[in-house]
Structure formats: C-alpha cells, structure tokens
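Novice: I'll drop the sequence and a predicted model, then ask my questions.
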Amino acid sequence: MDLKSNHCSPILTDPIPISQPRLGIHDSLLPYSSTGVFSQGPFLTISWKNPGLLDDVLSTSWLDAMKSSSPRNISKYNGNDFSSNEVDVVYRNWMLKYPSALTSIEHIVNNTKGKRLALFLDYDGTLSPIVDNPDHAFMSNAMRSAVRNVAKYIPTAIISGRSREKVRKFVGLKELYYAGSHGMDIMGPVQPPADHTTEIKEGNLYQPASEFLPMINEVFVSLVETTKNIKGAKVENNKFCVSVHYRNVDEKSWKTVAEYVQDVLKHYPRLRLTHGRMVLEIRPVLEWDKGKAVEFLLESLGLSNCDDVLPIYVGDDRTDEDAFKFLRERNHGYGILVTPAPKESNAYYSLRDPSEVMEFINSLVMHKKSVP
C-alpha cells in the first residue's frame, strides 16, 4: 500500500485481538503476573487533528518551545531570571512541592508495605547522562548493576523515545521490559526455568503503529537531506518516530531547523510534532504515549486496577509527563522527575540526576531484600 498517497485513510483498531496476550507471552510465562490477561477496553483510539495544527508545538511558537525545552541551569524558572543569591531560595521553595525521593524514601517505602511494586524508567537523562552526541549516551556499569538487581525483585521496564533496539543495546539486560519509540514498540522477557540454566528468551512485540513505518522512513530520509547543511543537526530514526536533535546547533539556526521540519511535515498530516530536551520529534497521530505504555504494561503484568500495586515512574523529559499524569490521575503510584533545575511537573517527587536515580534504585533493592 502506498502510505504516502493514503495519509488521510482511517486508522483501524488494535490489530491484535483484545482477548490475546498482546506481548505474545503465554500467561504462565509472565514473570510477575498471575493471569496475564488484558481488560476488555480498547487501548488504541484515534485523535484526528487539524492538519494545520501540530500536537503541542504550533508553528508560530516553535522557537520559544525549543528554547524552553531544556533548562540548562536553575537560574531560569518559569521564564524568570534569578540572581545566584536567589537560586537557593527558588530551589528550596520548589522542593517543598517536589521533595527529594531520597529524603522521602522512608515515606515511599512505608507506602509499599503489603503492595507489589512496578518500576518504570526513562533512559536518557535518567539512567544515562545527557550528552552532546546521542549515540554516546552510555549508562555506567554501576547503573546497569543497580537496574539488574532491582529487576530481580520488582518488574522493571525501560520506556524511551529511542528505538527499542537501540535502548535495549544501551542497557544490555534481558530481564527487563522495553518500550521504545515512546511506548509504540514493546517487548517483554519470558521467565527462565527455576534453575536459571536456560537463557532468557524475549517475548513478541506489540507495535500499535506498525502501518506508519514506511511513512516514518520517508520522513527520516527527507529530514536527513534537508538538514545536512545545518552544522550540528542530527536526525535519528527511532523506528516509530524521528528525532531531530539541535543541541549542537547554533541557536541562530534553530528557526531554520524548525522551518525545515515544518516543510517536510506539511506533506504528512497523519504525523504530529512534539518536543523534548533539545529535540524535535515526529510521531504518528495516535493517542499513544508513555502513559499509555505504562497502562499497557501494567495490564500485561496483571497489575492493572489492583489496590495492592504501586507503580513508580522515573523520568526527566517532557514526554515523561504523560506517564506522570497517568499515575496522578488514577491517584495510584508515584512519578519522580529527574532535573537539576526547577520546573512544573505532574510528578510527586524529584531527583537531581542519574547518580541520585541509582541511589534511589539501590534503596528500593535494600528495602525488598529486608522484607521477609
């Protein structure tokens, strides 16, 4: 089918029957689920938008959105500039609303008593530092060890804007669930035998946006070509979304980057634009995001709508707000924002950087080990 010539055709409902486990894993093989069944409510709904409007970055405000997408220091908050003498006051006041998950660990742990935990982690800026070259966003061996340890006690998933294959390669652990492309590409592990002598095999994929692959590839090729003369611009194919990184682009050229993206996207009304930390991202027009991915994974694990389950989501980016919002709206679980600078969020707690994330993960492991 020629997707480019059929951009406005209706999107069909979930291609996988609701009654079947969508990760393709038999119920008895799900490592943390008693049933592994799914609710009867459809996950995938359509949100048709005016082709002249973009998801949350209108063309008239792209530049402002790009400038505000990644606060580089605490001295700027909510558009206001603060002197160095005011920084500590601003941060302390902000921490009253978003207390440190480390200093609040006892409160968090106390609320986990008698409950099953589920841990969801972003990758860039959460498990790895933000770096100039996204291909070099490596996590430390200590962080990898922490994630491996926590996965022994708590079902753990990585939910990233990266392609699933790329983030899986960065993390290098088979014990986890991986949701790439902001949750549009999900894979789960299958529990090994009790003797652990057999290598873990990964479960099948759930890909709600498979039909968009040719379209995404077309956009990727077009953006590589149109941005090739902009020094520092990098276009990344994350399978079900395309990321245009401008972190290394001179700020004077940011408007040009935005205009090039707009020129390409105007031919694809079934794609939308969002932005993250120094990156513009092109995604399918589907009501599917990191919040939906959390919901899907909880159902996959048989942990949805259970009073004895406490999900925790740790992330640093604008796209993680969808997951924070999901947890807040259901009033069940904790969102933890990773940031060195104050910013508004749907999270409940905060951590400064990946080193504090690792400390928090290790604290959860210590707690689980101490519970009989």
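Specialist: Good, I have the coordinates. None of these values were measured; they are calculated from a predicted model.

Novice: Can you list the low-confidence ranges for the stretch 51-200 of the chain?
Specialist: 51-63, 67-86, 190-200 (pLDDT under 70).

Novice: Run through the helices of it in chain order.
Specialist: With helices called from DSSP state H, counting those that start in this stretch, the stretch 51-200 of the chain shows them at 62-68, 84-97, 105-110, 141-153, 164-171.

Novice: so which of these gets nearest residue 275?
Specialist: In terms of C-beta to C-beta, the element of the helices of the stretch 51-200 of the chain nearest to residue 275 is helix 62-68, at 5.4 Å. All C-beta spots, glycine's among them, are computed from the backbone N, C-alpha and C.

Novice: Now residue 100. Nearest residue, chain neighbours left out?
Specialist: Excluding its sequence neighbours, the residue lying closest to residue 100 (C-beta to C-beta, 6 or more residues apart in numbering) is residue 350, at 6.1 Å.

Novice: Am I right that the one you found sits in a strand?
Specialist: Yes. Counting by DSSP: H, G, I helix; E, B strand; the rest coil, residue 350 is found in a strand.

Novice: if I look at it, how far off is residue 137?
Specialist: Look at residue 350 and residue 137: by C-beta to C-beta, to the nearest Å, they are 21 Å apart.

Novice: Dump the helices of the stretch 51-200 of the chain into a markdown table; add distance to residue 358 and mean neighbour count as well.
Specialist: A markdown table is the format used below for these (distance: least, C-beta to C-beta, whole Å; neighbours: other C-beta atoms under 10 Å):
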| stretch | distance to residue 358 | mean neighbour count |
| --- | --- | --- |
| helix 62-68 | 28 | 17 |
| helix 84-97 | 20 | 12 |
| helix 105-110 | 13 | 14 |
| helix 141-153 | 5 | 17 |
| helix 164-171 | 13 | 19 |
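
Novice: Just send these back as TSV, with distance to residue 178 too.
Specialist: Shown next, in TSV, are the helices of the stretch 51-200 of the chain (distance: least, C-beta to C-beta, whole Å):
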stretch	distance to residue 178
helix 62-68	29
helix 84-97	32
helix 105-110	25
helix 141-153	12
helix 164-171	5
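
Novice: Any chance you could list what contacts the longest helix along the chain?
Specialist: In terms of residue count, the longest helix belonging to the chain (DSSP state H) is helix 354-370. Contacts to helix 354-370, defined as C-beta atoms under 8 Å, 6 or more residues apart in numbering, come from residues 100-102, 105, 109, 112, 117, 119, 121, 125-129, 139-140, 142-143, 146-147, 149-150, 153-154, 312, 314, 336, 338, 351.

Novice: and residue 318, what is it in contact with?
Specialist: Going by C-beta under 8 Å, 6+ apart, residue 318 touches 69, 274-277.

Novice: Name the pair among those with the greatest separation in space.
Specialist: Farthest-apart pair in those is 274 and 277; separation 11.7 Å (C-beta to C-beta).

Novice: Which one's more surrounded, these two?
Specialist: residue 274 (21 against 18; other C-beta atoms under 10 Å).

Novice: tally of neighbours for the closest residue in space to residue 124 that isn't next to it in sequence?
Specialist: Nearest non-adjacent residue to residue 124, counting by C-beta to C-beta, 6+ apart: residue 137, 5.4 Å away. Number of residues near residue 137 (other C-beta under 10 Å) recorded here: 19.

Novice: Equivalent analysis for residue 175, please.
Specialist: Per other C-beta under 10 Å, the neighbour tally for residue 175 reads 17.

Novice: isn't residue 279 right next to residue 242, touching?
Specialist: No. Using C-beta atoms under 8 Å, residue 279 is not in contact with residue 242; the gap is 10.2 Å.

Novice: Who has more neighbours out of those two?
Specialist: residue 242 (27 against 23).

Novice: what bridges to that one?
Specialist: Judged by DSSP bridges, the bridge partners of residue 242 are residue 237, residue 282.

Novice: Just confirm it contacts residue 219, I think it does.
Specialist: Yes. Judged on C-beta under 8 Å, residue 242 makes contact with residue 219 at a distance of 5.3 Å.

Novice: so what sits against both of those two?
Specialist: In contact with both residue 242 and residue 219: residue 282, using C-beta under 8 Å, 6+ apart.

Novice: Please identify the helix or strand for residue 335.
Specialist: Per DSSP states H and E: residue 335 is located in strand 334-338.

Novice: So what angle separates the directions of that strand and helix 354-370?
Specialist: Angle of strand 334-338 versus helix 354-370, following axes from the mean of the first three to the mean of the last three C-alpha atoms, to 10 degrees, is 150 degrees.

Novice: Strand partners (parallel or antiparallel) of strand 334-338?
Specialist: If you go by DSSP bridges, strand 334-338 pairs up with strand 309-315 (parallel), strand 349-351 (parallel).
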